[in-house]
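S.K.: Structure for the following, please:
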Amino acid sequence: MELLGEDDEGVQLGEGEFRAVHISRGISGGVFAYWTYLPCSPTVPAMTERRAILSGSLFEERIGYARAVVDGDWVHVSGTTGYDYATMTISDDVVEQAEQCLRNIGAALAEAGCGFADVVRVRYLLPDRDDFEPCWPVLRRRFGEVRPAATMMVCGLADPRMRIEIEVYARRGDASAPNSVDARAGARLPAARD
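M.R.: Numbers count the residues shown, from 1 in each chain. As a prediction, this is how the structure comes out:
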């Protein structure tokens, strides 16, 4: 298959699965195009696992979402609070909530076939920024050697008893993958496994 690129130059895509061409007109009148393309044999469709993992949260049923979604090698864990589904309670203490968040996330990751060592991105959501620092030791125990990309945001949560919510993205892979690199010194950090 061939598509026209810049200056009407042909772009050869080769064999594969052509998904879509996206065309838009820029403010200055120029036309921009890009395409979605999966390089694979056209006779063998690309197959990707996609499944939902449910935790028993009442919000999952009421709102219509999953605790986590496995999409191929990627695991997307929804914002998870410190609600204990075994006792159907939530602690008033933010550190205990952070610990329970991580237990809930750990259960979802395990069901997806991975663990905290596979987490590449974490997002912390808190109504009160002053609650974040007391949670650092708990978070460091899980992520200190893994070193995922991270963001902390101050925002309201669904229930006023909730003081922290954590969302993670993980990539399932094999344990022989290279360890992470400390960009400050170029030193390798040890791979952490649960």
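S.K.: Follow the chain on from the longest helix along the chain and name the next helix or strand.
M.R.: Longest helix of the chain, by residue count under DSSP state H: helix 94-112. As assigned by DSSP states H and E, the chain's next helix or strand after helix 94-112 is strand 119-126.
S.K.: Next, the buried residues of that following strand.
M.R.: Within strand 119-126, the residues that qualify as buried by neighbour count (16 or more other Cβ atoms under 10 Å) are V119, V120, V122, R123, Y124, L125, L126. For glycine as for every other residue, the C-beta is placed from the backbone atoms N, C-alpha and C.
S.K.: In its sheet, which strands sit next to it, and in what direction?
M.R.: The sheet places strand 119-126 alongside strand 149-154 (parallel), strand 165-171 (antiparallel), with pairing taken from DSSP bridges.
S.K.: Most tightly packed of those?
M.R.: Highest mean neighbour count of the strands paired with strand 119-126: strand 165-171, a mean of 22 (counted as mean count of other Cβ atoms under 10 Å).
S.K.: what residues does it touch?
M.R.: 73-81, 98, 101-102, 105, 109, 112, 114, 118-126, 148, 157 (Cβ atoms under 8 Å, 6 or more residues apart in numbering).
S.K.: Emit the PyMOL select command for whichever of these are buried.
M.R.: This is the PyMOL syntax for the buried subset of those, where burial follows 16+ other Cβ under 10 Å:
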select buried, resi 74+75+76+77+78+79+80+81+98+101+102+105+109+112+114+118+119+120+122+123+124+125+126+148
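S.K.: pull the CA atoms of stretch 60-79 into PDB?
M.R.: Listed next in PDB are the C-alpha coordinates belonging to stretch 60-79 (Å, rounded to 0.1, in the frame of the first residue of the first chain):
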ATOM      1  CA  GLU A  60     -17.800  -0.100  39.600                       C
ATOM      2  CA  GLU A  61     -21.400  -1.400  39.300                       C
ATOM      3  CA  ARG A  62     -23.100   2.000  39.700                       C
ATOM      4  CA  ILE A  63     -20.900   3.900  37.400                       C
ATOM      5  CA  GLY A  64     -20.000   1.200  34.900                       C
ATOM      6  CA  TYR A  65     -16.200   0.800  35.000                       C
ATOM      7  CA  ALA A  66     -13.600  -1.800  36.000                       C
ATOM      8  CA  ARG A  67     -10.900  -1.700  38.700                       C
ATOM      9  CA  ALA A  68      -8.400  -2.500  35.900                       C
ATOM     10  CA  VAL A  69      -8.400  -3.300  32.200                       C
ATOM     11  CA  VAL A  70      -5.800  -5.600  30.600                       C
ATOM     12  CA  ASP A  71      -5.200  -4.500  27.000                       C
ATOM     13  CA  GLY A  72      -2.400  -6.600  25.500                       C
ATOM     14  CA  ASP A  73       0.700  -6.100  27.600                       C
ATOM     15  CA  TRP A  74      -0.700  -3.000  29.300                       C
ATOM     16  CA  VAL A  75      -2.600  -2.900  32.500                       C
ATOM     17  CA  HIS A  76      -4.600   0.200  33.300                       C
ATOM     18  CA  VAL A  77      -5.700   0.400  37.000                       C
ATOM     19  CA  SER A  78      -8.500   2.900  37.700                       C
ATOM     20  CA  GLY A  79      -8.200   5.400  40.500                       C
END
